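K.L.:
Provide a 3D model corresponding to the input given below.
(4 chains)
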4 protein chains.
Amino acid sequence: MSNSIGKIFKLTTFGESHGTAIGGIIDGCPAGIVLDFEAIQHELDRRKPGQSTIVTQRKEPDTVEFLSGIFEGKTTGTSIGFVIKNTNQKSKDYSDIKNTFRPSHADFTYTKKYGLRDFRGGGRSSARETANWIVAGAIAKQLLKNIKINAFTNSVGSITLDKSYHELDLSKTESNAVRCPDNETATKMIEHIKAIKKQGDTIGGTISCVAQNVPLGLGEPIFDKLHARLGQAMLTINAVKGFEYGSGFEGTKLKGSEHNDSFNTDGTTKTNLSGGIQGGISNGMDVYFKVAFKPVATLLQKYDTIDADGNAVTVQGKGRHDPCVVPRAVPIVEALTAMVLLDFLLLHKTNTL
Amino acid sequence: MSNSIGKIFKLTTFGESHGTAIGGIIDGCPAGIVLDFEAIQHELDRRKPGQSTIVTQRKEPDTVEFLSGIFEGKTTGTSIGFVIKNTNQKSKDYSDIKNTFRPSHADFTYTKKYGLRDFRGGGRSSARETANWIVAGAIAKQLLKNIKINAFTNSVGSITLDKSYHELDLSKTESNAVRCPDNETATKMIEHIKAIKKQGDTIGGTISCVAQNVPLGLGEPIFDKLHARLGQAMLTINAVKGFEYGSGFEGTKLKGSEHNDSFNTDGTTKTNLSGGIQGGISNGMDVYFKVAFKPVATLLQKYDTIDADGNAVTVQGKGRHDPCVVPRAVPIVEALTAMVLLDFLLLHKTNTL
Amino acid sequence: MSNSIGKIFKLTTFGESHGTAIGGIIDGCPAGIVLDFEAIQHELDRRKPGQSTIVTQRKEPDTVEFLSGIFEGKTTGTSIGFVIKNTNQKSKDYSDIKNTFRPSHADFTYTKKYGLRDFRGGGRSSARETANWIVAGAIAKQLLKNIKINAFTNSVGSITLDKSYHELDLSKTESNAVRCPDNETATKMIEHIKAIKKQGDTIGGTISCVAQNVPLGLGEPIFDKLHARLGQAMLTINAVKGFEYGSGFEGTKLKGSEHNDSFNTDGTTKTNLSGGIQGGISNGMDVYFKVAFKPVATLLQKYDTIDADGNAVTVQGKGRHDPCVVPRAVPIVEALTAMVLLDFLLLHKTNTL
Amino acid sequence: MSNSIGKIFKLTTFGESHGTAIGGIIDGCPAGIVLDFEAIQHELDRRKPGQSTIVTQRKEPDTVEFLSGIFEGKTTGTSIGFVIKNTNQKSKDYSDIKNTFRPSHADFTYTKKYGLRDFRGGGRSSARETANWIVAGAIAKQLLKNIKINAFTNSVGSITLDKSYHELDLSKTESNAVRCPDNETATKMIEHIKAIKKQGDTIGGTISCVAQNVPLGLGEPIFDKLHARLGQAMLTINAVKGFEYGSGFEGTKLKGSEHNDSFNTDGTTKTNLSGGIQGGISNGMDVYFKVAFKPVATLLQKYDTIDADGNAVTVQGKGRHDPCVVPRAVPIVEALTAMVLLDFLLLHKTNTL
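P.N.:
Numbering: from 1, shown residues only, chains lettered A, B, ... in the order given. Predicted structure coming up:
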């Protein structure tokens, strides 16, 4: 269950890494919107494998085909069905993991929960699923119009961008393979990833995201606070281990007198440690948050594990995997943010008659 | 909207800080369970104001009255309605904030979102709401039987417990006012809170939580991963700014070869950087996570802010507030954890025929 | 589970016939609405027992107490909690049914489903629950403003009002105890109910309902068609066995050329066999439907049944029950209709940006 | 919105009559079930156009392609995505209705609700959508194992089968084109439909459905009573105008002493006017109900209507349409019944620990 996200603008998805296709249904997309299909494909391209030397070298065109809900270029208000064909299903890459459980993967838990699993490429637990989210997120982005969402790589391993987003030119994010808007730091990150890759190893990192021009009033108390829904969304991304917004974990060390955001007379605040959200509702300031990604579990090294019968076995990791998931996750963070914001924008219309 | 949490075991709540009562409805509680009402009240007492010198000195008995769903001491499977009367409504404490917006509170956003607000004591945005969660969580705890949930104070400001939960005797958590299971650290934390309180200021902190004996298989891919729902739940607590599970933000600095949890032949893992969850599904190991709380926004100092007409005003903070929300939030973290786990335990029953 | 109705304007309820109180939480009520509390109480009075000689003679004041969500007379946009105390709990009336199952009641099924039941007065299965719906429906009615909802008794047993609602003066509905807007027919119905009551028996009937000034566009394809949600709502009322809208079951005998509603040039239709709904969406014409109520199962006669151990027993029915549920169900039908329409009115705001 | 049905076993659909494909996602299907794909196709064949001379002569193979959620022939517990290609899209048939609104169709309401519509063949409002339901229903049927669901044509226009289902051999339902298990009545119905068709006209009818071996305890009070959810499901079928279960509308004329179902000592009842449901919960007896279908709105006659600018126009109806929707709706009624029952069967597992 629970292959759906959103309350009004709602995405339901399906698909395994090595099945015929993945895809989804977007329900609740407002009618009459002219869609920019190139922009949707552009977002898919930002996520797709093989786009640089520091990501997985799998080749997948990741072309989305819309099957419904759009007529003469416009959304009709009915459900939008779409599929993305799986064109590069090297099942043989995975045949030797059929009967073993890869450490820190979902192999073990899926098998135990359901009694069986599609072992090819992670099956349903594969990050391939996130291509579906990109489609829905790219549509959401278009509907959000003036709201600008920018995610970027904040750290790779211990290499951290020591700047707030205010000090950065976010338009530079796409100018390098690691999607870090500071070219000097980006270069270090890329070198680090290349070194890690050479070891057959992987490395974690963090992504920062900022949403600007978010209108006041988005988010619903009590259990659907804006940051709670953003957090839930981010924590659904494969490999994510943490979420913080505004001052985050560092803010716990501050005193209230240091942390409070004083008002200007126009209702904006002088500082924004709140991260643009107060009481779970956007206050018109920038919404920003950070997401933690663990290192990818798939190694191109020998590792010890167990098979389905509980025997200890040694496996040689192989295949084509990301040494660091962070660069390709940047558009995913943006897509989910767009979906959550649009959902609340629509929900907010029902707060008053 | 969205005053509900849970899919099967579902809590819906109502209530303002200074209304007649707060309360809730628990839907989906399994039938035939003998409830321990003293245990429920005990949890409420752990959360209630006035229990020590380092928390707010408001006096509220916080007695829950069950109105339905229980017959001859057992749950009937029908909805459980309950109320907690508000007995200590000092509305006059708040009369001077009627027309001003307190910085980093929900005053401004509620007013702008809805066009009006109940200004007494934060109204619906008050943390008083969390007493409702304690009730549902205390019931959930009883249904979880062998699953043990222990939260404790991990840091207050910069004073941090530098130990993993394995090194601690969690039964000591309740032995001091700050709910830190290490007495030496606890003493430092208490002294710090007292000093902060004397300044009329407040301080943040973190809470760690560990759930033991969680059965394998809880959590639902894709969007209802166990940690995503735990994260959402924690992020709904007032003042929470961040959530991480397992290796969390620190884990982003590790390499995959350092981070992966190798299997023992019985399916347990040698390490547990995964935090007991793989692919969003519990793997039978301990589930643990950390929650970040900002300093409480209400200061007993003079502060500058604006009124409803956008005029700059200076206000003298007063009333009875927590200098640090963390000690009283410990049972709240446990309550929400219990609710989420029970919800998934019930949902898991539908995964197979 | 499933003590909730509605998607945006959402009512969740609790309460047993003979518990302390029944009540509910209304989530998603738009903010800033000035409530007319007398009008709410008026609707409760229309439903309450003891209002005439042809309904149950139980005396219950049915006074609603609002606990939250309303401030200085206006809705705040937060959840509205309310309770209605049970003041007339004659548990002794029911002591002898503790161990027997009344035929065509929910006694047997509740006991088997949950393993136990609150046997006092039907417990959760009692129609007392409908008082909660009246509260939410009365609020919904006020928000619907120009939309007029009129239900009335269409038949009692075989005594049927042979007129369309167009030929009736619906303002007369409240002028007699049976709530039939045709006084001549009403008199026959009342006499019939009195005769039935004298026998210790009960009788069924039907209620018609018409909603006028329903704006075009309410209802959501595919599974939330307006009539599907109205039907579901009506079928939740105790004793309801059927629902039809527009031409209903009789319409099945017609040919398409007889049944189709031709358009006028202003988009209205010359006839309205569609019942104001086409493709599940309101078309601006009157929405009308009919609801079938079986005779109440509780008889004041001797009857044969079984006890919890499967022994055949004979029981003498007693207590104070409605000989015909239809008159008191009229305001219930209206209340549910109002809730469904308001829910769709709010949902419709999200259909376009 | 609201292209989903079900709470645990949940179907979400998409697709327009003349788009590339229709399809859906089944979420919550239990894992480990061996699917019989021929049985699924068989159900699709029962619904598909062109199967006899009394239904539409469109030719559509209606072949379902599963894209996910099934591995090595078994359900995996993950979401099942499927598509049915639209192979026979004669858009030219509909070009002349592009700018006109067909009476008693959804043309007018969709256009007004959304500001535009896919005018080809009814777009999203087409009954083609029901093929999606057949797929999910056919899977549900397989999971229900011993529960037998049989629907059949009960009336066509005024030609009615005057027998209870007990007197019929339901295995004969498929032996004639109209799906009436009484061959004599079937012949009359077929003749009637042929005569109506010759006039370019259409005719309504009713379908009865009985579900046998339904276990005790299915259905959830208060708002998800078994019959309320069955009613909602049936009322979502195109052309349905009414639903009744058990004694239905006729039962309103009975006295309680005539209507009550006395118990046998084994908990079964001597009669079953309740329709197998008491208090919204199945009681172990047969669940049966009746569904009313209006005559199809599409006529092959000249008719008067209006165009998008409000001008009166005369249109010659053409194309290939069903003169009576009832025979092809029989498997649809069964499919929805299966889905609802399976959903409650799964939900029931959460009623106790």
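
K.L.:
which residues of chain A score low on pLDDT?
P.N.:
Scanning chain A for pLDDT under 70 picks out the ranges A:1, A:88-96.

K.L.:
how about A:A151, phi and psi?
P.N.:
phi -110, psi 160 (degrees, to the nearest 10).

K.L.:
with adjacent residues omitted, what lies nearest to A:T100?
P.N.:
Nearest residue to A:T100, sequence neighbours excluded (Cβ to Cβ, 6 or more residues apart in numbering or on different chains): A:D307, at 4.8 Å. For every residue, glycine as well, the C-beta is placed using N, CA and C.

K.L.:
sorry, wrong one. I was asking about A:S175.
P.N.:
Nearest residue to A:S175, sequence neighbours excluded (Cβ to Cβ, 6+ apart): A:N183, at 7.0 Å.

K.L.:
same thing with A:V83?
P.N.:
A:G23 (3.7 Å).

K.L.:
report how many residues lie close to whichever residue of the stretch 251-353 of chain A sits closest to chain B.
P.N.:
Of all residues in the stretch 251-353 of chain A, A:G279 sits closest to chain B, at 2.3 Å by Cβ to the nearest Cβ. Neighbourhood size, A:G279 [other Cβ atoms under 10 Å in any protein chain shown]: 27.

K.L.:
list the contacts of it.
P.N.:
Residues in contact with A:G279 (Cβ atoms under 8 Å, 6 or more residues apart in numbering or on different chains) are A:P221, A:K225, B:H105, B:A106, B:T109, B:Y110, B:S125.

K.L.:
can you report phi and psi for it?
P.N.:
In terms of degrees, to the nearest 10, the main-chain angles of A:G279 are phi 60, psi 20.

K.L.:
identify the residues contacting the spatially closest residue to it that is not a sequence neighbour.
P.N.:
Distances taken as Cβ to Cβ, 6+ apart put B:A106 closest to A:G279, at 2.3 Å, once the chain neighbours are dropped. Counting by Cβ under 8 Å, 6+ apart, B:A106 touches A:P221, A:Q278, A:G279, A:G280, A:I281, B:G122, B:S125.

K.L.:
how far away is the third one from B:A21?
P.N.:
Looking back up the chat, that one is A:G279. Distance check for A:G279 against B:A21: by Cβ to Cβ, to the nearest Å, it reads 21 Å.

K.L.:
and the closest residue to A:S104 other than its chain neighbours, how far is that from B:N283?
P.N.:
Spatially, and ignoring its direct neighbours in sequence, A:S104 is nearest to A:A297 (3.9 Å; Cβ to Cβ, 6+ apart). Noted for A:A297: a distance of 13 Å to B:N283, by Cβ to Cβ.

K.L.:
higher neighbour count, the two?
P.N.:
More neighbours surround B:N283 than the other of A:A297 and B:N283, with 30 against 25 (other Cβ under 10 Å).

K.L.:
identify the spatial nearest neighbour of the more buried one, chain neighbours not counted.
P.N.:
Nearest residue to B:N283 in three dimensions, chain neighbours excluded: A:T109, at 5.1 Å (Cβ to Cβ, 6+ apart).

K.L.:
buried residues in the top helix by length along chain A?
P.N.:
Determined from DSSP state H, the single longest helix within chain A is helix A:326-348. Judged by neighbour count (16 or more other Cβ atoms under 10 Å in any protein chain shown), helix A:326-348 contains these buried residues: A:326-348.

K.L.:
any part of it near chain D?
P.N.:
No - counting by Cβ under 8 Å from any Cβ of the partner chain, chain D has no neighbours in helix A:326-348; the shortest distance is 9.6 Å.

K.L.:
was I right to think A:F9 contacts A:F344?
P.N.:
No - judged on Cβ atoms under 8 Å, A:F9 makes no contact with A:F344 at a distance of 9.2 Å.

K.L.:
now the strands for the stretch 1-150 of chain A?
P.N.:
A:4-5, A:10-14, A:21-27, A:64-66, A:70-71, A:74-75, A:80-85, A:100-101, A:148-156 (DSSP state E, counting those that start in this stretch).

K.L.:
packed most tightly, which of those would that be?
P.N.:
Each of the strands of the stretch 1-150 of chain A was scored by mean neighbour count; the highest is strand A:10-14, a mean of 29, by mean count of other Cβ atoms under 10 Å in any protein chain shown.

K.L.:
which stretches in the stretch 151-300 of chain A count as strands?
P.N.:
A:159-160, A:205-212, A:240-245, A:277-278, A:281-282, A:287-293.

K.L.:
coming back round to it: and the gap between the residue nearest to A:T100 and A:K112?
P.N.:
Counting by Cβ to Cβ, the gap from A:D307 to A:K112 is 14 Å.
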